[in-house]
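# here are the coordinates; sequence isn't available:
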């Protein structure tokens, strides 16, 4: 499958979306956290409808009392499923952001896709719960680029660990802002397909999502969940 990881400029959503959809062919287009907003959503859906593209995109929903970070699965210009970010940073909570109340995969024509949004990739429990649905792929939608080399290295290591421990392909991308914009993709064994620091524009990568079903080692089957209850306290 050809995956297109967009690393767009902030504030240029519709221009970036149109450029990507008209110039680059892919089976799935991925855009970062907060890529779409209430003011751009309908126009973005119209562009997606014209192209017939399959898209996973971050969306900041500010229609209610609290703003929510969501991931949208868009097919043929229609929102087919939505996931809401559940785990927030202290800074997000201080801003009054809302959080979701259920961790799950997006349902798409490609099968289930797990989308840990930004900070959620730091929590192995999030990816493991999504893995219960046997996703074909996981996507980490990141709001901004990394602050420094240490954060960049940590983030890539965490994403790679999520791939290895769940034996699932994973990819992710950020906006073109912050000190180090990034895009990455790993096989279900954690083999890097791309690790792009200081990413500009977009990254195209071929990824074999059937690899996510192979489970060559079987970590998931070797678990002993009855011993994990203390994690819920």
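Done, it's in. Remember, predicted model here, so these are calculated numbers, not experimental data.
# measure stretch 224-233 end to end?
One end of stretch 224-233 sits 17 Å from the other (CA to CA, to the nearest Å).
# again, but for stretch 168-176
Start to finish, the residues bounding stretch 168-176 are 26 Å apart (CA to CA).
# list the contacts of the biggest helix by length in the chain.
Counting by DSSP state H, the longest helix found in the chain is helix 149-166. Helix 149-166 is contacted by residues 116, 121-122, 124, 127-128, 131, 138, 140, 142, 146, 168-170, 172, 180, 182, 184, 186-190, 192, 195, 197, 219-220 when judged by CB atoms under 8 Å, 6 or more residues apart in numbering. All C-beta atoms are positioned from the backbone trio N, CA, C, and that covers glycine.
# give the ChimeraX command for selecting the buried subset of those.
Only the buried entries of the contacts of helix 149-166 go into this ChimeraX selection, using 16 or more other CB atoms under 10 Å:
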select :116,121,124,127,128,131,138,140,142,146,168,169,170,172,180,182,184,186,187,188,190,195,197
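# out of the contacts of helix 149-166, which sit inside helices?
Per DSSP H, the contacts of helix 149-166 map to helices at 124, 127-128, 131, 219-220.
# all strands for the protein, in order.
All strands of the chain, identified by DSSP state E, fall at 2-7, 28-30, 36-37, 54-61, 68-75, 78-84, 106-108, 111-114, 137-141, 170-173, 182-186, 192-197, 201-206.
# in JSON lines: those strands, plus distance to residue 92 and mean pLDDT.
Listed next are the strands of the chain as JSON lines, based on distance: least, CB to CB, whole Å; pLDDT from 0 to 100:
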{"stretch": "strand 2-7", "distance to residue 92": "22", "mean pLDDT": "96"}
{"stretch": "strand 28-30", "distance to residue 92": "22", "mean pLDDT": "98"}
{"stretch": "strand 36-37", "distance to residue 92": "16", "mean pLDDT": "96"}
{"stretch": "strand 54-61", "distance to residue 92": "11", "mean pLDDT": "98"}
{"stretch": "strand 68-75", "distance to residue 92": "8", "mean pLDDT": "98"}
{"stretch": "strand 78-84", "distance to residue 92": "13", "mean pLDDT": "99"}
{"stretch": "strand 106-108", "distance to residue 92": "21", "mean pLDDT": "98"}
{"stretch": "strand 111-114", "distance to residue 92": "20", "mean pLDDT": "98"}
{"stretch": "strand 137-141", "distance to residue 92": "14", "mean pLDDT": "99"}
{"stretch": "strand 170-173", "distance to residue 92": "18", "mean pLDDT": "98"}
{"stretch": "strand 182-186", "distance to residue 92": "20", "mean pLDDT": "97"}
{"stretch": "strand 192-197", "distance to residue 92": "25", "mean pLDDT": "95"}
{"stretch": "strand 201-206", "distance to residue 92": "26", "mean pLDDT": "90"}
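# just so I know, which of the ones you listed lies nearest residue 14?
Taking CB to CB, strand 36-37 is the member of the strands of the chain nearest to residue 14, at 9.3 Å.
# ok, residues contacting that closest one?
Contacts of strand 36-37 (CB under 8 Å, 6+ apart): 13, 44, 57-60, 62, 72.
# would you turn these into TSV with neighbour count and distance to residue 226?
Listed next are the contacts of strand 36-37 as TSV, based on neighbours: other CB atoms under 10 Å; distance: CB to CB, whole Å:
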residue	neighbour count	distance to residue 226
13	21	46
44	24	45
57	25	38
58	26	36
59	25	38
60	17	39
62	14	42
72	24	36
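# kind regards, and thank you for your time.
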